[in-house]
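1. Would you be able to build a 3D model of this:
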Amino acid sequence: MSTGAPGQSARRKAIIALGAAAMAAIAGFAAVYVTLGRPDNAVRPAKTAQSPAGPQAIPTGPGSNPLSQGEVAAFVFRKTPEVLPEVKFQDGAGRERTLADWRGKVVLLNLWATWCLPCRTEMPALDRLQKDMGSDKFEVVAVSVDRKGAAASKKFLDEIKVEHLALYVDATTRISADLRVVGLPATLLIDTEGREIGRMFGPAEWDGEDAKRLIRAALK
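-> Residues are numbered from 1 along each chain as shown. Next up, the predicted model:
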C-alpha cells in the first residue's frame, strides 16, 4: 500500500465534512428567508368578485385591493385619510376658491394643463363622470395648473367640448407644489372632511366602471 493513502483519506473526509457544512448553511439560510421574508412572497388566494349587493368599503393602506384595478390600477390609497394643506385657486369668474368650499362633498380633484397631451385625452371622461355622478354629494373639480391663465384654459375646454366641468385655474402653479404633485395629470380623491383618500398619476377612463366603483366606495 502507498504511504500517501492515509493522507488522501484524511483529505477526502475533510472535503466531505466541509460539503456537508455548506449544505447545512444553505438550508439554514433558506429557512430564515422563508420565515422572515415579506408576506408578498407567498402565493395568495385568488380574489373573488364583489357582490353586486352594494359598494365596497374603502380599504386602509396602500397596495393591491379590489378597488385598485383596471383603469384605476395605479390608484394608491393613503394608509389613513390625510389632511390636505389649504390650496387656493380661482374660478371662471376670478373669485378665490379653496377646497374648503367643497367640504361635505366627496371630490375628485384633477390637476391638468393645456400643454399636457394626456390631460386632453382624459378630460372628456372626467366631463362624462361629472354628468353621470355629479350631485350635492360628489363633484369633479378640475383645476388648470397653467401659467397661460383662465382664457387659455377656457379655450382648451371649449375645443374639446367639455360641458359639465366648471373652470378652475391656478396660474401660479403653486397648487402642484402644495399637494406634492410632480406630473400631470394628477387626480386626488378627497373625502367629505377634505382629507385625501388616495391619488393617481396619469390619465384614466374616469367614467368607466372601475373608477365609478372607487367613487361609490368613497360615497358610502
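2. The host helix or strand of D127 packs against which elements?
-> Taking DSSP states H and E as the criterion, D127 maps to helix 117-133. Of the remaining helices and strands, those touching helix 117-133 by 3 or more CB pairs under 8 Å, 6 or more residues apart in numbering; DSSP states H and E are strand 106-112, strand 138-144, helix 209-219. From N, CA and C alone the C-beta is placed, and that goes for glycine too.
3. Please export the C-alpha coordinates of the last one as PDB.
-> As requested, the backbone C-alpha atoms of helix 209-219 are provided in PDB (Å, rounded to 0.1, in the frame of the first residue of the first chain):
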ATOM      1  CA  GLU A 209     -66.900  51.100 -14.100                       C
ATOM      2  CA  ASP A 210     -63.600  50.700 -12.300                       C
ATOM      3  CA  ALA A 211     -63.500  54.400 -11.400                       C
ATOM      4  CA  LYS A 212     -67.100  54.600 -10.500                       C
ATOM      5  CA  ARG A 213     -66.700  51.700  -8.200                       C
ATOM      6  CA  LEU A 214     -63.900  53.500  -6.400                       C
ATOM      7  CA  ILE A 215     -66.000  56.700  -6.100                       C
ATOM      8  CA  ARG A 216     -69.100  54.800  -4.900                       C
ATOM      9  CA  ALA A 217     -67.000  53.300  -2.100                       C
ATOM     10  CA  ALA A 218     -65.900  56.800  -1.000                       C
ATOM     11  CA  LEU A 219     -69.600  57.900  -1.000                       C
END
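4. now the angle from it to strand 138-144?
-> On the basis of axes from the mean of the first three to the mean of the last three CA atoms, to 10 degrees, helix 209-219 is oriented at 110 degrees to strand 138-144.
5. start at 55 instead
-> OK, 55 is where the count begins now, so the last one is helix 263-273.
6. quick one: low-confidence ranges for this protein?
-> For the chain, the stretches flagged by pLDDT under 70 are 55-118.
7. which residue ranges form the helices in it?
-> For the chain, the helices defined by DSSP state H cover 59-90, 171-187, 204-213, 228-232, 263-273.
8. For G158, see how far away D145 is.
-> 18 Å (CB to CB, to the nearest Å).
9. which one of these two has more residues nearby?
-> Higher neighbour count among D145 and G158: D145, with 15 against 11, using other CB atoms under 10 Å.
10. That one contacts L221, correct?
-> Yes - D145 is in contact with L221 according to CB atoms under 8 Å; the separation is 6.7 Å.
11. Show the contacting residues for G124.
-> Applying CB atoms under 8 Å, 6 or more residues apart in numbering to G124 gives the contacts 262-264.
12. From those, list just the buried residues.
-> Buried by 16 or more other CB atoms under 10 Å: D264, out of the contacts of G124.
13. Is it possible to get JSON lines of the contacts of G124 that adds distance to L211?
-> Formatted as JSON lines, the contacts of G124 follow (distance: CB to CB, whole Å):
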{"residue": "G262", "distance to L211": "21"}
{"residue": "E263", "distance to L211": "25"}
{"residue": "D264", "distance to L211": "25"}
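14. and which of the contacts of G124 is nearest T175?
-> G262 (13.6 Å; CB to CB).
15. Where do the domain boundaries of this protein fall?
-> 59-95, 124-273 (automatic domain parsing).
16. so of these, which one's packed in deepest?
-> domain 124-273 (a mean of 17; mean count of other CB atoms under 10 Å).
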